[in-house]
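Q: just a sequence and a predicted model for now, questions to come.
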Amino acid sequence: MRVLLDTNAYTALKRGHPSVVAMFRNAAHVYLSAVVAGELLYGFRSGNRFESNLAELDEFLGSALVSLVPVTLETARRFGQIAASLRRKGTPIPTNDIWIAALGLETGAELISFDQHFAVVENLAWTCPTAQ
């Protein structure tokens, strides 16, 4: 199984959340989107452990199991389709999460996130980890 980590899943992984750790260990490949990287870097700069958090992220991204996924024109096309569909249904979700969902569809990976609103994105493989 290939997985795409949302920001909260990456954080849960780093904190040792059992079900997220299990999904990570069972994954054939792990993707981290450039959007999630941006959210993480913002959070690191807002905290008091910037250097250590950045070093952990760099080490994570250096793993052969992990790929950083860029936003491409194909991602933008998928973003537009998802955003328009959600608007028609009256079920908007945060903009960054639409980008993350688009990358989930583009990579064919299962998105791991605690955010329930991903359930409204059509054709998105999404798993919400069990409570700790």
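A: In hand now; what should we look at?
Q: quick one, phi/psi of R15?
A: As for R15, its main-chain torsions (degrees, to the nearest 10) stand at phi -90, psi 0.
Q: ok, S113 to S67 distance?
A: Separation of S113 from S67 (Cβ to Cβ, to the nearest Å): 18 Å. Bear in mind the C-beta positions are built from the backbone N, C-alpha and C, glycine included.
Q: more neighbours, those two?
A: Applying other Cβ atoms under 10 Å to S113 and S67 shows that S113 carries more neighbours, namely 25 against 17.
Q: and that one, what does it touch?
A: Neighbour list for S113: 6, 8-9, 100, 126-128 [criterion: Cβ atoms under 8 Å, 6 or more residues apart in numbering].
Q: surely L57 is in contact with A37?
A: Yes - counting by Cβ atoms under 8 Å, L57 does reach A37; the two are 7.3 Å apart.
Q: check which helix or strand covers G43.
A: helix 34-46 (DSSP states H and E).
Q: what's the next secondary structure element after that helix?
A: Next in sequence after helix 34-46, counting helices and strands by DSSP H and E, comes helix 50-61.
Q: what packs against that following helix?
A: With contacts taken as 3 or more Cβ pairs under 8 Å, 6 or more residues apart in numbering; DSSP states H and E, helix 50-61 sits against helix 34-46.
Q: any idea of the angle the helix it packs on forms with helix 50-61?
A: 160 degrees (axes from the mean of the first three to the mean of the last three Cα atoms, to 10 degrees).
Q: returning to what we had before: contact partners of the helix holding G43?
A: With Cβ under 8 Å, 6+ apart, helix 34-46 has contacts from 5-7, 10-11, 50, 53-54, 57, 68-71, 96, 99-100, 103.
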